[in-house]
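> mind looking at a prediction? Sequence and model below.
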Amino acid sequence: SFEDYSANEMLEILLALASQNEYAVSADALDELRQHFDKVYALRQKGFGNGRYVRTLFERMIELHSLRCTDDAAIDIATLRREDIPQDL
């Protein structure tokens, strides 16, 4: 049994995943992610796998980012933006 990560720790994990995968996170995405993790942490229930949640969120962000980049060749492909944050998680 592990203690839940705090909202700040979840954000740090996501930023580490982004860095390890050579992505930057824009300021607008960073603000949105802070709010998102605060909300997720506040609403968590017993058994919440927040490390797994962060990885799933990051993977979905990469998927959305990839779709966005296929629509516009001028997009900075190394930066995750606010619109890459899934709204259904």
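Right, received. Where do you want to start?
> tell me the contacts of the residue positioned nearest the centre of the chain?
By CA atoms, centre = their mean, the chain has its centre lying nearest to F58, at 4.4 Å. Shown in contact with F58 (CB atoms under 8 Å, 6 or more residues apart in numbering): 14, 17-18. Every C-beta, even on glycine, is put in place using the N, C-alpha and C of the backbone.
> make JSON lines out of those residues and add neighbour count.
Compiled in JSON lines, the contacts of F58 are given as follows (neighbours: other CB atoms under 10 Å):
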{"residue": "L14", "neighbour count": "23"}
{"residue": "L17", "neighbour count": "17"}
{"residue": "A18", "neighbour count": "19"}
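> now do the buried residues in the helix or strand of the chain with the lowest mean pLDDT.
When each helix and strand of the chain is scored by mean pLDDT, DSSP states H and E, helix 50-71 comes last, with a mean of 92. Within helix 50-71, the residues that qualify as buried are 50, 53-54, 57-58, 61-62, 64-65, counting by 16 or more other CB atoms under 10 Å.
> going toward the C-terminus from that helix, what's the next helix or strand?
The element immediately downstream of helix 50-71 (helix or strand, assigned by DSSP states H and E) is strand 79-80.
> packing partners for that following strand?
Applying 3 or more CB pairs under 8 Å, 6 or more residues apart in numbering; DSSP states H and E, we find strand 79-80 packed against strand 24-25, helix 50-71.
> ok, 7 Å please
On a contact count with 3 or more CB pairs under 7 Å, 6 or more residues apart in numbering; DSSP states H and E, strand 79-80 meets no helix or strand.
> helices or strands up against the strand or helix carrying L30?
Per DSSP H and E, L30 falls inside helix 27-43. Secondary-structure packing of helix 27-43 (3+ CB pairs under 7 Å, 6+ apart): helix 7-20.
> just the CA trace of the helix it packs on, in PDB.
C-alpha atoms of helix 7-20 as PDB (Å, rounded to 0.1, in the frame of the first residue of the first chain):
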ATOM      1  CA  ALA A   7      -1.300  17.300  -6.500                       C
ATOM      2  CA  ASN A   8       2.100  18.900  -6.700                       C
ATOM      3  CA  GLU A   9       3.800  15.500  -6.800                       C
ATOM      4  CA  MET A  10       1.500  14.400  -9.600                       C
ATOM      5  CA  LEU A  11       2.400  17.500 -11.500                       C
ATOM      6  CA  GLU A  12       6.100  16.900 -10.900                       C
ATOM      7  CA  ILE A  13       5.700  13.300 -12.200                       C
ATOM      8  CA  LEU A  14       4.000  14.500 -15.300                       C
ATOM      9  CA  LEU A  15       6.700  17.100 -15.900                       C
ATOM     10  CA  ALA A  16       9.400  14.500 -15.500                       C
ATOM     11  CA  LEU A  17       7.700  12.200 -18.000                       C
ATOM     12  CA  ALA A  18       7.500  15.100 -20.400                       C
ATOM     13  CA  SER A  19      11.200  15.900 -20.000                       C
ATOM     14  CA  GLN A  20      12.200  12.200 -20.300                       C
END
